[in-house]
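Undergrad: just the structure for this:
(2 chains)
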Amino acid sequence: KNEVEQSPQNLTAQEGEFITINCSYSVGISALHWLQQHPGGGIVSLFMLSSGKKKHGRLIATINIQEKHSSLHITASHPRDSAVYICAVPQVETSGSRLTFGEGTQLTVNP
Amino acid sequence: NAGVTQTPKFRILKIGQSMTLQCTQDMNHNYMYWYRQDPGMGLKLIYYSVGAGITDKGEVPNGYNVSRSTTEDFPLRLELAAPSQTSVYFCASSYSGPGGNIQYFGAGTRLSVL
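TA: Down below sits the predicted model:
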């Protein structure tokens, strides 16, 4: 089974700081997903990436396939970035039809 | 487009009652999923479907049933509700598997079994 480990579990930052959340997985994958769960509970997909780097606004996701590692960066963090960030990878033993999720990183950005 | 719509948003059940959580998507997605999320925990897959007429168990299927008679609808049935089924339930859909497509989530159903 593809194990997914996220770090840190909890992260508190001051507004404007550069944030990094890490994700490691154990088995080679075709793509990795980053999701955001808002304080109200809603879940949205932020990125799906299979190589290199993707950028959307102040969010940047990178992946190193050889090292089985991905990072999510937030530049110039803002209190509205406070949320749970979740990493997920396709589950290899089910032919990639479902995701294995990390436990999430709770980010709090203080003004 | 409405995306993924879940009803109801909140529900309180008594132990032993049954109910159906509704999920509808209007994006013509083949894959649909039901997850539960317990307080402070990650998402756990209950059931999923790769197309109409095809369903399969996830990590935590006990106490639940699903059907997929149409592409759009993927209802989740709880039979004989138990306190352990108190959770937030999310439905999601994607065009194909997660190796190539992102998942779109519904707003969630908050269920309490008392």
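
Undergrad: which SS state does the residue lying farthest from the centre of chain B fall under?
TA: Farthest-out residue of chain B from its mean C-alpha position, per C-alpha atoms, centre = their mean: residue B:100, at 21.1 Å. Under DSSP: H, G, I helix; E, B strand; the rest coil, the three-state class of residue B:100 is coil.

Undergrad: which residues touch it?
TA: By C-beta atoms under 8 Å, 6 or more residues apart in numbering or on different chains, the contact set of residue B:100 is A:30, A:31. Where you see a C-beta, it was placed from the backbone N, CA and C, and this is true even at glycine.

Undergrad: who in chain B is up against chain A?
TA: Within chain B, the residues that sit near chain A (C-beta under 8 Å from any C-beta of the partner chain) are B:31, B:33, B:41-43, B:45, B:48, B:50, B:56, B:58, B:88, B:90, B:92, B:97-105, B:107-108, B:110.

Undergrad: any idea how far residue B:56 is from residue B:49?
TA: The gap separating residue B:56 from residue B:49 is 7 Å, by C-beta to C-beta, to the nearest Å.

Undergrad: so those two - more neighbours on which side?
TA: Taking other C-beta atoms under 10 Å in any protein chain shown, residue B:56 and residue B:49 do not tie; residue B:49 has more neighbours (21 against 14).

Undergrad: what residues does chain A have near chain B?
TA: Contact residues (C-beta under 8 Å from any C-beta) of chain A with chain B: A:29-31, A:33, A:41-45, A:48, A:86, A:88-90, A:95-99, A:101-104.

Undergrad: of those residues, which belong to strands?
TA: In strands, defined here by DSSP state E, the members of the residues of chain A next to chain B are A:33, A:43, A:44, A:45, A:48, A:86, A:88, A:89, A:90, A:99, A:101.
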